[in-house]
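[1] One predicted model, sequence on top.
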Amino acid sequence: MARGFYNTPRAPPPSAPPIHPSTPEINATTIISLLSVFSLLALAFFASTRLLPATATAKTRALFIWHAFDALTHLLIEGSFLYSCFFVSYALPTSFSAAARHHPHIRLLTPPDVYWLGKEDRLFGAGYGTWWGSRLWMEYAKADRRWAGTDLTVVSLELLTVGVGGPLAVWVCVLLAREERKGVLRRWFWMTVLAVGELYGGFMTFAPEWLTGSPNLDTSNWMYLWLYLTFFNMLWVVIPLWILWESYSAMSSAMSQAEMVDLVNYLKKDD
């Protein structure tokens, strides 16, 4: 993926950096991007100390921190990705044509004769911007180049993630912050909905890559493979699975209690 040619939008793009560098590219952008992610986790923890009641259990606190971090990640970081997809663009050189789709310095992420937003003369995405959101996503695009442009599957999933997943995570935090004994299952219901959505979104993000030999993923070095692709993405697999297990346990316990109450009431009628 070419980076930097948006600075001269009317000139042919210069030579692109290696697509599969042999060593991680660690620079100021790398450090700032990682710090920005961990700062959201710190902010989620701080919110838990301010918004949760003093009687909140360790499990409730962990669930709150995760959903607050989830909401911040979806709304701020992934929201910046969508902004780049719709409002950051690069005007193609006048000499560019459909026949140049395999140009070594320009990668189109849409099928032949399909153009993002119907614009044939422009490319959209983080790879063509200079603001902080574009720089952050270009850092992650070192591991998965789809995030530098407008891959149709990725953008479609992010529309749901930002528009539905983010607000739903906020709602879960509101429910967790309420000190009430009744309606506890309502929390678990919405946490289950969100967890299933996270797992489905993760699968649909990477399944197209697995089925085609992962042409857009860079697994050539440890940082891109284990930190960017594995660690950050597995968070949205392991924790939703844990939430589903806890949800199943809570709902099963509630159903057993309800069945016991029904049995006692039935026996009382016989007396």
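    Perfect, I can see it now.

[2] in this protein, which spans are helices?
    Using DSSP state H, the helices of the chain run over 28-51, 58-72, 79-87, 132-140, 152-160, 166-177, 184-211, 222, 232-270.

[3] Export the ones you listed to TSV and append columns for mean pLDDT and distance to Leu117.
    The C-beta positions use only the backbone N, C-alpha and C, and glycine is treated the same way. Formatted as TSV, the helices of the chain follow (pLDDT from 0 to 100; distance: least, C-beta to C-beta, whole Å):
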stretch	mean pLDDT	distance to Leu117
helix 28-51	93	27
helix 58-72	97	28
helix 79-87	96	7
helix 132-140	93	17
helix 152-160	96	11
helix 166-177	96	23
helix 184-211	95	21
helix 222	89	37
helix 232-270	78	28
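
[4] do you know which of these lies nearest Asp113?
    Closest approach to Asp113 among the helices of the chain is made by helix 152-160 (13.4 Å; C-beta to C-beta).

[5] What helices and strands are in contact with the closest one?
    Applying 3 or more C-beta pairs under 8 Å, 6 or more residues apart in numbering; DSSP states H and E, we find helix 152-160 packed against helix 79-87, helix 184-211.

[6] ranking these by burial, who's on top?
    A comparison of the helices and strands packed on helix 152-160 by mean neighbour count, using mean count of other C-beta atoms under 10 Å, puts helix 79-87 on top with a mean of 18.

[7] Contacts for that helix next, please.
    Contacting residues not belonging to helix 79-87 are listed as 116-117, 124-126, 128-129, 132-134, 136-137, 147, 150, 155, 158-159, 162, 166 [C-beta atoms under 8 Å, 6 or more residues apart in numbering].

[8] Weed out the non-buried ones from those residues.
    When neighbours are counted using 16 or more other C-beta atoms under 10 Å, those contain these buried positions: 116, 124-126, 128-129, 133-134, 136-137, 147, 150, 155, 158, 162, 166.

[9] quick check, nearest of these to Asp218?
    Proximity of those to Asp218 (C-beta to C-beta) peaks at Trp147, which lies at 11.7 Å.

[10] right, and the closest one touches Tyr140 too?
    Yes. Between Trp147 and Tyr140 there is a contact at 5.3 Å, judged by C-beta atoms under 8 Å.

[11] would a markdown table of the helices and strands packed on helix 152-160 with distance to Ala54 be doable?
    Converted to a markdown table, those look like this (distance: least, C-beta to C-beta, whole Å):
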| stretch | distance to Ala54 |
| --- | --- |
| helix 79-87 | 33 |
| helix 184-211 | 18 |
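
[12] Report the contact partners of the closest residue to Ala250 other than its chain neighbours.
    Among residues not flanking Ala250 along the chain, Trp188 sits closest, at 5.0 Å (C-beta to C-beta, 6 or more residues apart in numbering). Contacts for Trp188 (C-beta under 8 Å, 6+ apart) come out as Glu246, Ser247, Ala250, Met251.

[13] Any chance of the backbone angles for Gly213?
    When quoted as degrees, to the nearest 10, the phi and psi of Gly213 stand at phi 80, psi 20.
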